[in-house]
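> Provided below for reference: sequence and predicted model.
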Amino acid sequence: MKTIRFLSFFLLAAFTVSAGELNQPPKGFKALFNGKDLKGWWGLKTEDPAKWMALEEDALAKKKAASLEDIHKHWSVEKGELVNDGHGLYLSTEKNYGDFELHIDYKTVAKADSGIYLRGIPQVQIWDYTEEGGKWKIGADKGSGGLWNNPKGDSGKDPKVLADKPFGQWNSFRIIMVGERVTIWLNDKLIVEHARLNNFWDRKNPLGKQKPVIRRGPIELQTHGGEIRWRNVFIREIEAKEANEYLAQANTEGFKQIFNGSDMSGWAGPVDNYQVVEGALACKKGKGGTIYTKEEYEDFTVRMEVKIPKGGNNGLAIRYPGGGDTAYVGMCELQVLDNTAPGYAKLKPQQYHGSAYGMFAAHRGYLREPGQWNYQEVTVKGSTIHVELNGVTILNADLSKVETPMAPIAKFKGRTRTKGHFGFAGHGAAVQFRNVSIKRLD
């Protein structure tokens with residue numbers, strides 16, 4: 001039931017996209033391919049987008065200009081169709097995208113191999129799904145549409161069902177990407193659901209040390225080994241509110257609301273230092289202290305939306321004993337912080353948003369602007385903590401294996417706690433939380 005509700009929410013747009021003339025975008029979408037020429041595109045090979053994005057403006061302009069000579073050798077437009085001969089550089093959008101919904105049709109030939117790079121990250125796989133194609137041993141028998149470069153066994157690496165149409169017919173993708181989370185339909189069949197796109201460019205590192213996928217990047221059309229045609233290439237950028245709804249709709253079974261949006265029922269500690277503002281739990285400006293659930297939890301996943309004002313500072317109390325500084329007596333305090341505030345520019349890495357305070361540093365660059373709602377999910381299992389912010393893994397740490405703490409490790413005496421309360425550790429800023437729910441994993 002929960003999964004169906006998640007899917008139906010995002011199926012609404014699908015019915016409008018199917019209508020309309022060739023290469024004419026439906027309401028809310030923009031056409032990446034105008035049906036006439038290659039305006040808005042340039043050429044790339046399989047290369048880390050972070051590297052070419054770091055080039056000086058002149059150097060990047062030269063790289064783009066040089067790529068077009070190859071692009072025009074191998075890419076053409078025929079009767080409103082974008083055609084590649086199976087060779088050359090991949091077609092890349094000039095514009096970079098964050099969260100988006102992409103619709104694209106393709107038609108290919110036997111033994112061809114292709115794919116779609118999302119933010120420059122390989123890839124949504126397209127290939128010959130027949131035994132004659134010669135790639136059954138590496139997964140072609142399962143069909144197109146999987147996140148093929150994900151590690152073996154990862155969610156999304158293989159499509160849930162074989163959805164390819166026979167050669168000579170057009171196939172249609174619908175792809176939603178929020179953070180690193182990807183959901184894919186091929187020919188109206190759900191084949192990848194809310195799967196994490198592994199960062200191909202840092203995949204040798206374990207998840208805890210691996211850099212997340214970049215926040216914004218291009219759409220690339222990869223091809224090698226056979227002709228492929230594309231049409232109806234439409235994109236719709238997803239704003240913060242919708243992105244949060246997408247993330248919240250996934251895998252909701254077992255979650256229980258722990259803040260009712262009206263009062264402090266079920267909470268203990270200095271509750272007078274907090275107030276309810278338009279359904280959100282808000283720390284009063286100039287006040288603070290740690291409020292916490294009356295119930296205790298062992299292993300759990302907690303979800304919430306967080307709004308941080310400029311210069312805001314708060315924290316998530318994990319397995320808090322009910323008194324003292326949760327950063328030291330609780331399992332940890334997960335930082336809630338405006339990373340962009342000038343006053344915090346010289347903090348230690350373990351003090352920024354999402355970090356296990358003083359012990360493990362979270363990846364930065366994935367918070368929204370101060371004053372916007374962020375979606376955050378935290379999973380605590382045994383001695384491990386996994387933090388996902390706006391759909392991106394920013395921390396995956398084992399607190400039993402702290403390597404470079406800010407203070408002597410003995411100071412963090414609560415890090416081995418196996419049970420405690422969940423709470424919010426206010427530090428005088430009007431940080432707000434809403435839609436707070438928790439699921440026991442005991």
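Arrived safely.

> The helix or strand where Arg231 lies - contacts with which helices or strands?
Per DSSP states H and E: Arg231 is located in strand 228-237. Using 3 or more CB pairs under 8 Å, 6 or more residues apart in numbering; DSSP states H and E, the elements in contact with strand 228-237 are strand 30-31, strand 81-84, strand 100-108. C-beta: built from backbone N, CA, C; applies to glycine.

> Tabulate the CA atom coordinates of the last one in PDB.
Going back to what we said before, that points to strand 100-108. This file holds the C-alpha atoms of strand 100-108, laid out as PDB (Å, rounded to 0.1, in the frame of the first residue of the first chain):
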ATOM      1  CA  PHE A 100      14.900  16.600 -12.400                       C
ATOM      2  CA  GLU A 101      12.400  14.500 -14.200                       C
ATOM      3  CA  LEU A 102      13.600  13.300 -17.700                       C
ATOM      4  CA  HIS A 103      11.600  11.800 -20.500                       C
ATOM      5  CA  ILE A 104      13.300  10.400 -23.600                       C
ATOM      6  CA  ASP A 105      12.500   8.000 -26.400                       C
ATOM      7  CA  TYR A 106      15.100   5.900 -28.100                       C
ATOM      8  CA  LYS A 107      15.400   3.300 -30.900                       C
ATOM      9  CA  THR A 108      18.500   1.200 -31.400                       C
END
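
> So for Thr379, which of the helices and strands packed on strand 228-237 sits nearest?
Thr379 sits nearest to strand 100-108 of all those, at 26.1 Å, using CB to CB.

> Touching the following helix or strand past that closest one from outside, list them.
Per DSSP H and E, the first helix or strand lying C-terminal to strand 100-108 is strand 113-118. Identification of contacts with strand 113-118 by CB atoms under 8 Å, 6 or more residues apart in numbering yields 90, 92, 102, 104, 106, 108, 122-128, 135, 148, 173, 175, 177, 182, 197, 217-226, 228.

> As JSON lines, the helices and strands packed on strand 228-237 with distance to Val387 would be great.
JSON lines is the format used below for those (distance: least, CB to CB, whole Å):
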{"stretch": "strand 30-31", "distance to Val387": "33"}
{"stretch": "strand 81-84", "distance to Val387": "40"}
{"stretch": "strand 100-108", "distance to Val387": "24"}
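
> Can you add distance to Glu388 and mean pLDDT and give the ones you listed back as CSV?
Below are the helices and strands packed on strand 228-237 laid out as CSV (distance: least, CB to CB, whole Å; pLDDT from 0 to 100):
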stretch, distance to Glu388, mean pLDDT
strand 30-31, 29, 98
strand 81-84, 35, 97
strand 100-108, 19, 97
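
> Out of those strands, which is closest to Ala345?
Taking the helices and strands packed on strand 228-237 one by one with CB to CB, strand 100-108 is closest: 31.4 Å.

> Sheet-wise, list the partners of that closest one with their directions.
strand 171-178 (antiparallel), strand 228-237 (antiparallel) (DSSP bridges).

> any idea of the angle it forms with strand 113-118?
Relative orientation of strand 100-108 versus strand 113-118 (axes from the mean of the first three to the mean of the last three CA atoms, to 10 degrees): 170 degrees.

> What are the buried residues along strand 100-108?
By 16 or more other CB atoms under 10 Å, the buried positions in strand 100-108 come out as Phe100, Glu101, Leu102, His103, Ile104, Asp105, Tyr106, Lys107, Thr108.

> between those residues, which is nearest Gly365?
For the buried residues of strand 100-108, the nearest to Gly365 is Phe100 (18.1 Å; CB to CB).

> show me what contacts the closest one?
Contacts of Phe100 by CB under 8 Å, 6+ apart are Ile176, Met177, Ile235, Arg236, Glu237, Ile238.

> With Gly179 instead?
Here Gly179 is in contact with Asp99, Val213, Ala243, Leu247, Tyr366, Glu388, Leu389, Asn390, Gly391, Val392 (CB under 8 Å, 6+ apart).

> what ranges do the strands span in the stretch 151-300 of the chain?
Remark: strands assigned in the stretch 151-300 of the chain by DSSP state E, counting those that start in this stretch are 171-178, 181-186, 189-196, 219-224, 228-237, 256-257, 267-268, 274-277, 280-283, 288-293, 300-307.

> which is the next helix or strand following the last one?
To tie it back to what came earlier, the one meant is strand 300-307. strand 313-320.

> Quick check: which ranges of the stretch 301-442 of the chain have low pLDDT?
Within the stretch 301-442 of the chain, no stretch falls below the threshold (pLDDT under 70).

> Residues contacting stretch 363-371, please?
Residues contacting stretch 363-371 (CB under 8 Å, 6+ apart): 179, 211-212, 215, 240, 307-312, 338-341, 352-354, 374, 389-390, 392-395.

> Show me what counts as buried in it.
His363, Tyr366, Leu367, Arg368.
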